[in-house]
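In: what follows is a predicted structure for the sequence shown.
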Amino acid sequence: GKRLDNDTKRFPHYVDYILEEAVSRFGLTANEVLNGGFQIHTELDPGMQRAVESAFKNDDLFPPRGKDQIVQGGAVLIDPSTGGIRALVGGRGKHTFRGFNRASQLKRQPGSTMKPLAVYTPALETGYDLDSPLLDKPMSFGDYRPKNHDGRYRGEVTMYEAVVDSLNVPAVWLLDQIGVDRGVEAVRRFGIPLDGKDHQLALALGGMNRGTSPLHMAQAYSAFANQGIMVEAHAIRRIEKPDGELIAQWYKKAVRVTSREVAQKITFMLKGVVEEGTGTLAKIPGRPTAGKTGTTQLPGGGKGSKDNWFVGYTPQLVGAVWIGFDKTDANHYLSTSSSQTATRIFREIMTASLKGEPVKSFDLSLVPWQTPPKGKRDADNGEEQKNPEEWGTKWQKELEKRRKMLENEIKKRQKEWEKRFEEWRKRFGGG
């Protein structure tokens, strides 16, 4: 690992996070870390750290400043196979030692970057697939009435199309179909803290009471890049006293959060986002790239957005970028027409960070599609072709699939209850 000795002044944001991790994870005090003469071995990649810091100093990549605030940001790069934090920057402008770190301490709503975690992973796990038809029409769920960002509705779309075009209504409809509980359970599996108020359909679109950080989002998406296995994100490998005595060490914590097949199907769709969807600005020249855009609405509506996200990956590196104002108000918000977005910043830092690294391809061997599954569209206006018979057949097949799944679930539960009853009978007696 990279020793921290000479990096305290060169990489202040990363050092801030080292202190944060040493205190929270290993129970040391900041004074011990700074003045104890310890040797700290880290996951820092100096070249990647310089790439992120350079991008954050480049005003051309960020929207213009507001009246009395600059547009802030936070970014983190993680090696998905080890969980090692390779680079981390927690803000722009003058650095404050141990100040607010927007890469690790930020809590903002993640917008549509939440869809693969809260909706599409659990949906694939329960039997939906990339070609499953999803409803896309104006509808209400109690008092909740989600809208598509472009104001258009296509009637029905495949799951692939819903992901690639970041359609909101099909995502909420699908979470309603599989049940909010499944979505909540999946998000928690991906390591993202939730509270009781997050247990609602708006979670599909990243609607959270408190929000989350770039670090949590990058760690979650690392599971897709790593065939369904999420390794705990960390900066510190080990800490030694001046005489070499080991006082703290990170032990690998890896958990399978979803199957290889589901992870590959999500990657196939997120690759589509970058190739032909809302994330084309993220495309890293010459490298397979997957990822998801995210924006959040201004409080009270209106044109513009509060937060702008991109979370994406190549086979060997995951990146999460957030930009926004620390305090959003009438004079400080992100313009929706701006080309200075988290997506572009992601491309810049990933391109520079991977310079000279081998080009790797995604393993998509468990995805049966060569070409993306899409509904038939009229070539002139992009609307769905109206073929009620064809869609009727498709829905019948889908309902049959759901019925069989439900039957299997009931049989499984029945066996569990029979087993429990038998154990109870043996324990307490009876005929």
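Out: Arrived safely. Numbering: from 1, shown residues only.
In: low pLDDT regions in the stretch 301-431 of the chain?
Out: Applying pLDDT under 70 to the stretch 301-431 of the chain flags residues 336-339, 376-399, 402-403, 406, 409, 412-413, 417, 421, 424-425, 427-431.
In: okay, helices next: where are they in it?
Out: Secondary structure of the stretch 301-431 of the chain (DSSP state H, counting those that start in this stretch): helices at 342-353, 388-428.
In: now the helices for the stretch 1-150 of the chain?
Out: 12-26, 30-35, 46-57, 115, 121-125.
In: pick the most deeply packed of these.
Out: Stretch with highest mean neighbour count among the helices of the stretch 1-150 of the chain: helix 115 (a mean of 29; mean count of other C-beta atoms under 10 Å). C-beta: built from backbone N, CA, C; applies to glycine.
In: quick one: contacts of that helix?
Out: Here helix 115 makes contact (C-beta atoms under 8 Å, 6 or more residues apart in numbering) with 163, 166, 171, 204, 205, 206, 292.
In: surely the second one and residue 157 touch.
Out: Same thing as residue 166. No: applying C-beta atoms under 8 Å, one finds residue 166 not in contact with residue 157, separated by 11.5 Å.
In: around the closest residue in space to residue 258 that isn't next to it in sequence, how many other residues sit close by?
Out: In this structure, residue 258 finds its nearest non-sequential neighbour in residue 228, 4.6 Å apart by C-beta to C-beta, 6 or more residues apart in numbering. Residues contacting residue 228 under the criterion other C-beta atoms under 10 Å number 19.
In: residue 228 and residue 92, how far apart?
Out: 35 Å (C-beta to C-beta, to the nearest Å).
In: distance check, residue 188 against residue 257.
Out: 10 Å.
In: between these two, which one's more packed in?
Out: residue 257 (22 against 14).
In: from residue 246, how far off is that one?
Out: Residue 257 is 30 Å from residue 246, by C-beta to C-beta.
In: quick revisit: and which of the contacts of helix 115 is nearest residue 198?
Out: Of all the contacts of helix 115, residue 198 sits closest to residue 206, with 10.1 Å by C-beta to C-beta.
In: quick one, what contacts the residue lying closest to that closest one once chain neighbours are set aside?
Out: Using C-beta to C-beta, 6+ apart and skipping residues adjacent in sequence, the residue nearest residue 206 is residue 114, 3.8 Å away. Shown in contact with residue 114 (C-beta under 8 Å, 6+ apart): 187, 203, 204, 205, 206, 208, 294.
In: roughly how far apart are the closest residue to the second one other than its chain neighbours and residue 324?
Out: In space, residue 203 comes closest to residue 118 once its chain neighbours are excluded; the distance is 5.1 Å by C-beta to C-beta, 6+ apart. From residue 118 over to residue 324 the distance is 21 Å, taken as C-beta to C-beta.
In: now residue 400
Out: 46 Å.
In: the two: which has the busier surroundings?
Out: Neighbour count, other C-beta under 10 Å: between residue 400 and residue 324, residue 324 has more, with 25 against 10.
In: which pLDDT value belongs to residue 4?
Out: pLDDT recorded at residue 4 is 54.
In: my error: substitute residue 221 in the last question.
Out: 98.
In: elements contacting the host helix or strand of it?
Out: Assessed by DSSP states H and E, residue 221 sits inside helix 214-225. Packed against helix 214-225 by the contact rule (3 or more C-beta pairs under 8 Å, 6 or more residues apart in numbering; DSSP states H and E) you find strand 72-78, strand 229-231, helix 260-276, strand 290-297, strand 305-314, strand 317-324.
In: most tightly packed of the ones you listed?
Out: Of the helices and strands packed on helix 214-225, strand 317-324 is the most buried (mean count of other C-beta under 10 Å), at a mean of 30.
In: and the angle for that one with helix 214-225?
Out: Orientation check (axes from the mean of the first three to the mean of the last three C-alpha atoms, to 10 degrees): strand 317-324 against helix 214-225 gives 150 degrees.
In: please name the strands paired to strand 317-324 in the sheet, noting orientation.
Out: Here strand 317-324 is paired, per DSSP bridges, with strand 72-78 (antiparallel), strand 305-314 (antiparallel).
In: no more questions from me, cheers.
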